[in-house]
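Participant: I'll drop the sequence and a predicted model, then ask my questions.
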Amino acid sequence: MGIDKKTVEGVAHLARIELDAGELERLSSQLEHILAFIDKLSSLDTDNVAPTSHILPINNVLRKDEPRPSLPIEKVLANAPSKQGSFFSVPKVIE
């Protein structure tokens, strides 16, 4: 699939981007090179390659989910701008 100037002009119009002649020429060329590179990648044999989400073997380091005491209500509400009893009080947002 080739990218010509007319296609780039159409996409620029849809994106509301103004391009002068030099930018249009440069962008058309760059997009053409990108598509050529993707064509090279699509010609590779990837039948025996497992799909991955990351190129490095990274694992999340998570702590064990064990119950523990929470903060006391007084400490939790100490900096609350507005409170009502043992709850945060917020302005009504639904009319």
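Facilitator: Thanks, I have it.

Participant: center of this protein, which residue is that?
Facilitator: residue 53 (14.3 Å; CA atoms, centre = their mean).

Participant: give me the pLDDT for that one.
Facilitator: The model reports residue 53 with a pLDDT of 76.

Participant: ok, residue 62 next?
Facilitator: The model's pLDDT for residue 62 equals 86.

Participant: how much space separates it from residue 34?
Facilitator: Between residue 62 and residue 34 the computed distance is 38 Å (CB to CB, to the nearest Å). Using the backbone N, CA and C atoms, a C-beta is placed for each residue, glycine as well.

Participant: more neighbours: which of the two?
Facilitator: Shown here are residue 62 and residue 34; by other CB atoms under 10 Å, residue 34 has more neighbours (11 against 6).

Participant: so which strand or helix has the more buried one?
Facilitator: Under the criterion of DSSP states H and E, residue 34 resides in helix 21-42.

Participant: tell me, how many residues neighbour the spatially closest residue to residue 12 that is not a sequence neighbour?
Facilitator: Distances taken as CB to CB, 6 or more residues apart in numbering place residue 19 nearest to residue 12, at 5.0 Å, with adjacent residues excluded. By other CB under 10 Å, 18 other residues sit near residue 19.

Participant: so where does residue 19 fall, helix or strand?
Facilitator: Here residue 19 is assigned to no helix or strand, by DSSP H and E.

Participant: so residue 80 makes contact with residue 88?
Facilitator: Yes. Applying CB atoms under 8 Å as the test, residue 80 and residue 88 come out as touching, 5.4 Å apart.

Participant: pLDDT wise, what is residue 44 at?
Facilitator: 87.

Participant: residue ranges with poor pLDDT in the chain?
Facilitator: 1 (pLDDT under 70).

Participant: try 90
Facilitator: For the chain, the stretches flagged by pLDDT under 90 are 1-5, 38-65, 91-95.
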